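In: Sharing a model that was predicted from the sequence below.
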Amino acid sequence: MRVNPKYLAILEMVAKIPKGNVSTYGEIASLSGFPRCARLVGTALRSDVSGPRIPWYRVVNSQGKLSFPIGSPKYKIQKQRLVEEGVVFHKGSIDLNQYGWGRDLDKALWS
DNA sequence: GCACTGACTCCCA
DNA sequence: ATGGGAGCCAGTG
C-alpha cells in the first residue's frame, strides 16, 4: 500500500548507503534493479516522504549536486544533513569520486 | 484513460 | 562546458 514493491527495493537501497557516503539516483536505480530509471528513485523518495527513516538526503544527482533549487528548504536540509555526516561540499558540489557509494574503492585503486 | 510533470541520466551538437 | 532531445516509470489532473 502507498508504495509499490519496486519502491521498497529503492528505499531499502537508499537505507543501505553507508553513513558519510552519498549515492546518485542512477546508482540507486541500477543497484535496486531498475537501470535507467533514475526518475523512479526520485518519485519513490518523494512518495516515501512518509518515512523519515529513509536517509533520502544521501541521494544526490549524477552531477554531485542536490536536486533541489539552491536556497530551497529541502536543499538546505539535505546539505546540512550531509555535512553533519562528514560530507564536504566543494563549491556547492560533492566530490562523488570521494564520497560516492562504491566510488571510494575505485578511487583507492586509482591512486 | 490520456497527457503533462517530475527529487534523473545519457548522448550528441 | 553548455544546451537540447530522448528514454524511463509513476503520480496527478
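Out: On my side now, so go ahead.
In: Residue A:11 and residue A:59 touch, don't they?
Out: No: counting by Cβ atoms under 8 Å, residue A:59 is not a contact partner of residue A:11; they are 10.5 Å apart. Any C-beta I mention is one placed from the backbone N, CA and C, and that applies to glycine too.
In: what's the overlap in contacts for those two?
Out: Here residue A:11 and residue A:59 have residue A:45 as joint contacts, going by Cβ atoms under 8 Å, 6 or more residues apart in numbering.
In: Looking at those two, which has the bigger crowd around it?
Out: residue A:59 (26 against 23; other Cβ atoms under 10 Å).
In: close to DNA strand B, is stretch A:68-82?
Out: Yes: using Cβ under 7 Å from any atom of the strand, stretch A:68-82 comes into contact with DNA strand B via A:68, A:74, A:78.
In: Is it possible to get those residues out as CSV so that each row also shows pLDDT?
Out: Written out in CSV, the entries for these read as follows (pLDDT from 0 to 100):
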residue, pLDDT
A:68, 94
A:74, 92
A:78, 94
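In: Which ones among those map onto helices?
Out: Filtering the residues of stretch A:68-82 next to DNA strand B for membership in helices, criterion DSSP state H, returns A:74, A:78.
In: between the residues of stretch A:68-82 next to DNA strand B, which has the most around it?
Out: For the residues of stretch A:68-82 next to DNA strand B, counting by other Cβ under 10 Å, the largest number of neighbours falls to residue A:78: 21 neighbours.
In: Go ahead and confirm that residue touches residue A:61.
Out: No: taking Cβ under 8 Å as the contact criterion, residue A:78 and residue A:61 are not neighbours in contact, 11.4 Å apart.
In: Name all residues that make contact with the residue nearest the centre of chain A.
Out: Centroid check for chain A by Cα atoms, centre = their mean gives residue A:59 as the closest residue, at 1.0 Å. In this structure, residue A:59 makes contact with A:14, A:17, A:22-25, A:28, A:41, A:45, judged by Cβ under 8 Å, 6+ apart.
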